[in-house]
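A.B. asks: Structure of the sequence below:
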Amino acid sequence: MNRNKSFSLLSQQEIDTLVKFLTEKKKGVGSDVMSQNSIDKLIRLIQTDKDRIVLNSSIAVDSLTMTFLEEIHFRDSADELCELRCNVNPETNYLELSIYNTVTDKTLSLIPKMFDEEDSESWGYSITPSFFNLLAQSLTLKYTQETLDLVCSVFAKVNYGSEDHKISEMYLPGSGALLECLL
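C.D. replies: Predicted structure coming up:
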């Protein structure tokens, strides 16, 4: 089956799925749901590859853009190297994400509330390594292998009971995405 990579046209199966979704959710659907961006997200959600849901979509973080850090005057441009960092709070055991500007030596805490006003101030006990990478990509940040190892070990410990447990590939960033973000 040939998949439509540009998402500009919908296949009959995709249209049927969209109609079913909108029919089931029509009371909670606003007028902005039919934007091309929303349709693209729905198509990504229903696309499958060898009977698996495609989880590696482009940007899932809508409210933050590549220029977000410039807009809040944290960096002058995307050329100014900023690093995504991760630590575990020793009191709560929650993850704490921050962005470090290597030029100005400033640090900015990154919290879920920045993505969604209804969200919390903390990340919780773990996040998937693929989501961590997605944050870095969407904000044009880099991170170290040591930071990725921490994110992976915390995720494995919280979800599988052991820091050394092998993490399923569906939770890991793809090779290209990883290479784009590693320092």
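A.B. asks: where does the closest residue to residue 141 other than its chain neighbours land in three-state SS?
C.D. replies: Computed as CB to CB, 6 or more residues apart in numbering, the closest residue to residue 141 that is not its neighbour in sequence is residue 84, at 4.2 Å. Using the backbone N, CA and C atoms, a C-beta is placed for each residue, glycine as well. Secondary structure assignment for residue 84 (DSSP: H, G, I helix; E, B strand; the rest coil): strand.
A.B. asks: Do I have it right that residue 84 meets residue 102?
C.D. replies: No - the pair residue 84 / residue 102 is not scored as a contact, 11.7 Å apart, by CB atoms under 8 Å.
A.B. asks: Show me which of the two is the more surrounded one.
C.D. replies: residue 84 (24 against 13; other CB atoms under 10 Å).
A.B. asks: what's the single longest helix in the protein?
C.D. replies: Taking DSSP state H as the criterion, the chain has its longest helix at helix 145-160.
A.B. asks: buried ones in stretch 68-82?
C.D. replies: Residues of stretch 68-82 classed as buried by neighbour count (16 or more other CB atoms under 10 Å): 68-69, 74-75, 82.
A.B. asks: how about low-confidence regions in this structure?
C.D. replies: Counting by pLDDT under 70, the chain contains low-confidence residues at 1-11, 14, 18, 21-22, 25-66, 115-116.
A.B. asks: Which parts of it are strands?
C.D. replies: Here the chain has its strands, by DSSP state E, at 82-88, 95-101, 107-110.
A.B. asks: With distance to residue 169 added, can I get those in a markdown table?
C.D. replies: Listed next are the strands of the chain as a markdown table, based on distance: least, CB to CB, whole Å:
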| stretch | distance to residue 169 |
| --- | --- |
| strand 82-88 | 21 |
| strand 95-101 | 21 |
| strand 107-110 | 25 |
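A.B. asks: Walk me through the domains of the chain.
C.D. replies: What automatic domain parsing lists as the domains of the chain is 1-54, 68-181.
A.B. asks: Buried deepest among those domains, which one?
C.D. replies: domain 68-181 (a mean of 16; mean count of other CB atoms under 10 Å).
A.B. asks: show me where this structure has helices.
C.D. replies: Applying DSSP H to the chain gives helices spanning 12-24, 36-46, 68-71, 129-138, 145-160, 175-181.
A.B. asks: Just the CA coordinates for the shortest one, please, in CSV.
C.D. replies: Translated: helix 68-71. The C-alpha atoms that make up helix 68-71 are tabulated as CSV, following Å, rounded to 0.1, in the frame of the first residue of the first chain:
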residue,chain,number,x,y,z
PHE,A,68,10.3,29.7,21.5
LEU,A,69,13.6,30.3,23.2
GLU,A,70,14.3,33.3,21.0
GLU,A,71,10.8,34.7,21.8
